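>>> here's a sequence, model it:
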Amino acid sequence: MDDLFSIVFDKRQADKVLTPLGIENLVLGLLARQPPEPQWNGCLIFSGETPLDPTCTRCVAMYGPHADAVQQRLVETLESLDIPVLGVYEGGPEVQLAITRVRDGKWGEP
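As a prediction, the model looks like this:
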C-alpha cells in the first residue's frame with residue numbers, strides 16, 4: 001500500500017542533542033541507526049514545508065510501501081534521543097528535498 005505520512009520534530013532540540021546538521025544529513029543519520037525492513041523497498045523519505053513554526057521545527061515525510069512503518073521507526077528513533085516529535089500525521093507536504101529511498105533493503109539514493 002502506498003501512502004503518505006509525515007512527522008514534525010523540534011529542530012532546536014535536535015541541534016542540542018546532535019551536531020547541528022542540515023535536514024538531509026540529520027535524517028540520514030537518524031535512519032542509519034537501523035537498516036530498513038525489506039518490505040519497505042521503494043519508500044521515499046523527504047522533507048517538506050512544516051505546518052508548525054519553520055524557525056524551530058522540521059517536517060519529514062515518507063511516501064510508498066509501508067510508509068507508516070517508516071514513520072513509526074523515525075518517531076521511535078527521535079524519541080529515544082529525547083528529541084520531541086511535535087506532530088504525527090497521515091498525509092504530508094509536497095516534496096522539497098528528496099532524502100533517501102529504500103532500495104534492495106538499504107537506504108539509498110532518492
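>>> if we look at stretch 93-104, which residues are touching it?
6, 23-24, 27-28, 31, 36, 40-51, 59-61, 64-65, 70, 107-110 (C-beta atoms under 8 Å, 6 or more residues apart in numbering). All C-beta spots, glycine's among them, are computed from the backbone N, C-alpha and C.
>>> check which helices and strands the helix or strand where Tyr63 lies is in contact with.
Assigned by DSSP states H and E, Tyr63 belongs to strand 57-65. Counting contacts by 3 or more C-beta pairs under 8 Å, 6 or more residues apart in numbering; DSSP states H and E, strand 57-65 is packed against strand 2-10, helix 11-17, helix 23-31, strand 44-48, helix 67-80, strand 97-103.
>>> indicate which one of these is closest to Gly87.
Closest to Gly87 of these is strand 2-10 (C-beta to C-beta; 4.0 Å).
>>> still on that earlier bit, buried deepest among the helices and strands packed on strand 57-65, which one?
Sort these by mean neighbour count, taking mean count of other C-beta atoms under 10 Å, and strand 44-48 sits at the top with a mean of 22.
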